Structure formats: structure tokens, C-alpha cells
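Here is the input, now give the coordinates:
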Amino acid sequence: MTVLFQLAVGCALALAVCAGAVGYFRTVRTPRPPIGVFNGADIFLMMGFVLALPYLYLALPGAVLPVVLALAFAGGLSVGYQPVIGDGRLRWALIAALIAAVLGTHLAFGDTGAPYWIANSCVVGLVVVSATNINVQGGMRLRNVAWFLLALTAYDAFFAWVVPLTEELSDAIQGYPFAPAAGLRVGEDLGAVLGMGDLLAYALFTTTAYKAYGKAGLRTGLVLVVLFGAVAPMATLHIAGAVTGHAPAMIPAQVFFGPAAFIGHLFLRRRGPERRMADVTFRRDRIGAAPAPRPARAAA
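Modelled structure (predicted):
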């Protein structure tokens, strides 16, 4: 029962954020920042940020950490959904309602209550969708994402199995609201949780693959997300527990998904060069496009 529950929740969450990110990409055009084209230096800077963020979280006092996470969530929602809700007062009112829902359900049901995890997952999913599109529409390409995920694989493996930084961060946020994760818990025994970073990796790869190669990229991304992002880590966790007699403390999902995504990038690259943002037609552009003028007839 536990295995099926975790697989169902994991697959549903992974597919939901990917579908949300691609749906946003198809319908909403975000303002493009003047950052030029992504290159190796940008990937290096992103990895530096990823490396520094857990240390920053752990350096904060326990009670301050959820406040920082709540502010980060609110800022991400405001920036990401400004093209969707242009009225700033309405946008911030909705963001305040979402943040209040997470805090209220945590106070009422605790961090093992299903209502809290549903509310927190909605906020995390919306942040992932907006962050994905800010990067993808800002110029990030599939090869950038593939190399970034490969670097993230080494990072996650090192800080899960060599230096237990990931486990320390998980312990630090235990008992507080605004966890950087999505999932569902039903009591103390039944639960499935995916990290916000993993969800962002799935959405980034799927959305950039769709931008680069259309429906073929979307199909490839979704298959890899389900098989190597959701199924493989959870199945390995339970198989290892059955074989050894005790379940491992942590199985980083990127150990499976990162290499698979890189191979998926190499497979898609055989189709030709990636599409650029200038080559993508948005749904709004198609709906609002004026009909082409008819050619004038020659006078008889």
C-alpha cells in the first residue's frame, strides 16, 4: 500500500508541475530580461547559487527559516505571475491568501496533516511553474539544462551520501511550515514527498525540451520524468530496503534523472538545432493574429 501510494503521488506531482510549466509556456509570454544567451558561465553561477543556498538556510535560526521561505515563495509568485495578473493589489491579495492558507493549515493540522501538504504543494508547484518559465523564456536552452542537471547529479549524490547536508536541511525545517517540498502525508505512516529542487529539474527539462523540439521533446521529457524522476528513485528505495533489511536514509532522485535527462538531450539533438524563443508561436499570438490579406485580382 505504501509503495503504491508513494508512486501514485510522486507521478502525479511530477506530471502536474510539468504540465503546468508547459501550459504556462504556451499561453503566457514573460518579459525577457537583458541577460543575453545562456552559456557555461551561467551554469557555473547557477551551481554556485545551488551550493550556497543550503548553507544559508542552515545558518538561520530555526524560527527564522520559515519566514525566509515564506518571503521567497511570495516573491517568486509575484514575479512569475505578474504577466498573468497585472493588477498588483489583486496579485498580492491572492499571494497573501495562499501564504495564509499554508500557515493556517499548518497551525490547525500540523506538518503531517493532509490539508497542510495540499496547500503547501499548491504554493510550491506554482513557484516551480513560474521559476521554470522565467528561465526558459529568458533564454535557457535544453543543452544548458542537460549540463546543469548532470552537475546537479554529482552535487546531490555528494551531499546525500558523503556530507549529509541534504538530511541536515530536511531536519532543520521539520516541524515548521513552508517546506521547500511538495507531497501528501496521511498521518504518521503514509506519506510521499518530492523536493522542490527535483520538481524544478523535471519542469525545466520538460519545458525546454518542448520549446526546443515541440511535441517530440514534450513526449521525451514526460517519459523520462515518470520513469527516472518518480518511479526509479522510489522503487530503488523499497528494493534496497527489502534486500538489505533496512531502507536507505535517502535516495537522491537526480542520481537517476540527471543522467537520463542528459541522454535524452543527446537523443533529441539528433533531430537538428533547437528552436529559439523567436521560433515559438504562443497561443495568444495565434488567437489574436489578423487574417492574411487576400491577393488583389488583376483587372479584366
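
where does Leu271 land in three-state SS?
Just so we're on the same page, residue 271 is Arg rather than Leu. coil (DSSP: H, G, I helix; E, B strand; the rest coil).

so it sits right up against Ala216, yeah?
Yes - between Arg271 and Ala216 there is a contact under Cβ atoms under 8 Å: 6.6 Å. All C-beta atoms are positioned from the backbone trio N, CA, C, and that covers glycine.

Now for Val243, how many residues are close by?
By the criterion of other Cβ atoms under 10 Å, Val243 has 8 neighbours.

Kindly provide the distance from it to Thr236.
10 Å (Cβ to Cβ, to the nearest Å).

can you check Lys211 too?
31 Å.

Just list the residues touching Leu150, thanks.
Contacts for Leu150 (Cβ atoms under 8 Å, 6 or more residues apart in numbering) come out as Gly258, Pro259, Ala261, Phe262.

Need phi/psi at it.
phi -70, psi -40 (degrees, to the nearest 10).

What's the per-residue pLDDT of it here?
Leu150 carries a pLDDT value of 92.

Same check on Ala260?
Looking at Ala260, its pLDDT is 96.

I figured it hits Val225, correct?
No - Ala260 lies out of contact with Val225 (Cβ under 8 Å); the separation is 9.2 Å.

of these two, who's got more company?
Neighbours were tallied for Ala260 and for Val225 using other Cβ under 10 Å; the higher tally belongs to Val225 (27 against 21).

circling back to that earlier point, out of the contacts of Leu150, who's the most crowded?
Using other Cβ under 10 Å as the neighbour criterion, Ala261 leads the contacts of Leu150 with 32 neighbours.

could I have the host helix or strand of that one exported to PDB, CA atoms only?
Taking DSSP states H and E as the definition, one finds Ala261 inside helix 254-269. Output of helix 254-269 as PDB, limited to C-alpha atoms (Å, rounded to 0.1, in the frame of the first residue of the first chain):
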ATOM      1  CA  GLN A 254      18.800  13.300  -9.600                       C
ATOM      2  CA  VAL A 255      21.100  10.300  -9.500                       C
ATOM      3  CA  PHE A 256      18.600   8.700 -11.800                       C
ATOM      4  CA  PHE A 257      17.100  11.700 -13.600                       C
ATOM      5  CA  GLY A 258      20.200  13.700 -14.300                       C
ATOM      6  CA  PRO A 259      22.000  11.100 -16.500                       C
ATOM      7  CA  ALA A 260      18.700  10.100 -18.100                       C
ATOM      8  CA  ALA A 261      17.900  13.700 -19.000                       C
ATOM      9  CA  PHE A 262      21.400  14.200 -20.500                       C
ATOM     10  CA  ILE A 263      21.000  11.100 -22.600                       C
ATOM     11  CA  GLY A 264      17.500  12.400 -23.600                       C
ATOM     12  CA  HIS A 265      19.100  15.700 -24.700                       C
ATOM     13  CA  LEU A 266      21.600  13.800 -26.900                       C
ATOM     14  CA  PHE A 267      18.800  11.800 -28.400                       C
ATOM     15  CA  LEU A 268      16.700  14.900 -29.200                       C
ATOM     16  CA  ARG A 269      19.700  16.700 -30.600                       C
END
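
Quick one: list the elements packing against it.
helix 142-157, helix 196-224, helix 232-244 (3 or more Cβ pairs under 8 Å, 6 or more residues apart in numbering; DSSP states H and E).

Report the angle between that helix and helix 232-244.
Helix 254-269 runs at 140 degrees relative to helix 232-244, counting by axes from the mean of the first three to the mean of the last three Cα atoms, to 10 degrees.
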